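# build the 3D model from these lines:
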Amino acid sequence: MFNERRFYIYVMANRKNGTIYVGMTRSLAKRIYQHQLGSIEGFTKRYGLKRLVYYEVFPTAVGAIQREKNIKKWPRRWKIEMIEKRNPEWQDLSKDGLI
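The predicted model follows:
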């Protein structure tokens with residue numbers, strides 16, 4: 001059986017135009033579930049970031065890590081524009097099988 005490797009960068013938010021967090025993971029569904037449960041200590045738990053508003057898929061960890069680092073350096077306005085190009089209402093993409 002073919003085992004396709006995937007890596008993800010993702011953006012969590014607490015509400016539209018609210019606090020945002022950019023992260024990287026190998027298992028998107030598992031990581032989002034952990035954030036929503038509050039089982040990951042740190043920034044996302046402290047600010048109640050439980051809404052997945054954006055993500056991208058990469059075939060390599062190196063590509064995902066580089067993209068995450070680049071996005072983290074961006075001004076907030078650019079991050080908001082990136083989110084709103086694909087998700088203008090800041091819907092939680094983890095709901096209703098959207099991921």
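# need the strands for the chain, in chain order.
7-13, 20-25, 51-58 (DSSP state E).
# nearest to Arg67, out of the ones you listed?
strand 7-13 (5.1 Å; CB to CB). Yep, even glycine has a C-beta here, placed from its N, CA and C like the rest.
# contacts for that closest one, please.
19-26, 28, 31-32, 35, 44, 49-61, 63-64, 67-68, 71, 79, 82-83, 90 (CB atoms under 8 Å, 6 or more residues apart in numbering).
# just the buried residues out of the residues you listed, in ChimeraX syntax.
Under the burial definition 16 or more other CB atoms under 10 Å, those of those that qualify are selected in ChimeraX by:
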select :20,21,22,23,24,25,28,31,32,35,44,49,50,51,52,53,54,55,56,58,64,67,68,71,79,82,83,90
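# so the lengthiest helix in the chain versus strand 20-25, what angle?
Counting residues, the longest helix in the chain under DSSP state H turns out to be helix 61-73. Angle, helix 61-73 to strand 20-25, by axes from the mean of the first three to the mean of the last three CA atoms, to 10 degrees: 170 degrees.
# show me the shaky parts of this protein.
1-4, 96-99 (pLDDT under 70).
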